[in-house]
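Colleague: Fold the following.
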Amino acid sequence: MNGAILFLEEVEETPQEIERMLTQLRQALDFSHLAGVALGVFSKCVPKPTSPSPPAIDILKSHFATLGVPVAYGLSFGHIRDHLTIPYGTLAELDADAATLTFLETAVT
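Modeller: Numbering: from 1, shown residues only. Presented below is the predicted three-dimensional model:
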């Protein structure tokens, strides 16, 4: 994870389930050396009417806001209609202010 950009997205999970998954992920992995966090669209991730909770975006902020690295939300990858294919292992730059991801090398030669 040293110098890596972490990509996460989810569909139809409640904020409580996202909280649980992120807690387990942070216990299993060292996030302190990440270069950034790229978050996709967390589509239909709403609380159940019988179990209110904070919105999913608040859960995400609570886990990533203090890392001191760029964090961008709403990027076009994952389980959405118009999505990008993310190459694994290529150099990339995440600009959280512009919410852009730029690949700095080709994925296939």
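
Colleague: Give the buried residues for stretch 4-12.
Modeller: For stretch 4-12, the neighbour count (16 or more other CB atoms under 10 Å) marks Ile5, Leu6, Phe7, Leu8, Glu9, Glu10 as buried. Where C-beta positions appear, they are placed from N, C-alpha and C, glycine not excepted.

Colleague: need the contact list for the spatially closest residue to the first one that is not a sequence neighbour.
Modeller: Among residues not flanking Ile5 along the chain, Gly36 sits closest, at 4.6 Å (CB to CB, 6 or more residues apart in numbering). By CB atoms under 8 Å, 6 or more residues apart in numbering, the contact list for Gly36 reads Ile5, Leu6, Val69, Pro70, Val71, Ala72, Leu94, Ala96.

Colleague: From those residues, list the buried ones, please.
Modeller: Buried, going by 16+ other CB under 10 Å: Ile5, Leu6, Val69, Pro70, Val71, Ala72, Leu94, out of the contacts of Gly36.

Colleague: Tabulate those residues (TSV), appending pLDDT and secondary structure.
Modeller: Shown next, in TSV, are the buried ones among the contacts of Gly36 (pLDDT from 0 to 100; DSSP: H, G, I helix; E, B strand; the rest coil):
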residue	pLDDT	secondary structure
Ile5	96	strand
Leu6	95	strand
Val69	95	coil
Pro70	95	coil
Val71	96	strand
Ala72	95	strand
Leu94	95	strand
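
Colleague: Going by distance to Gly40, which of the contacts of Gly36 wins?
Modeller: Ala72 (9.8 Å; CB to CB).
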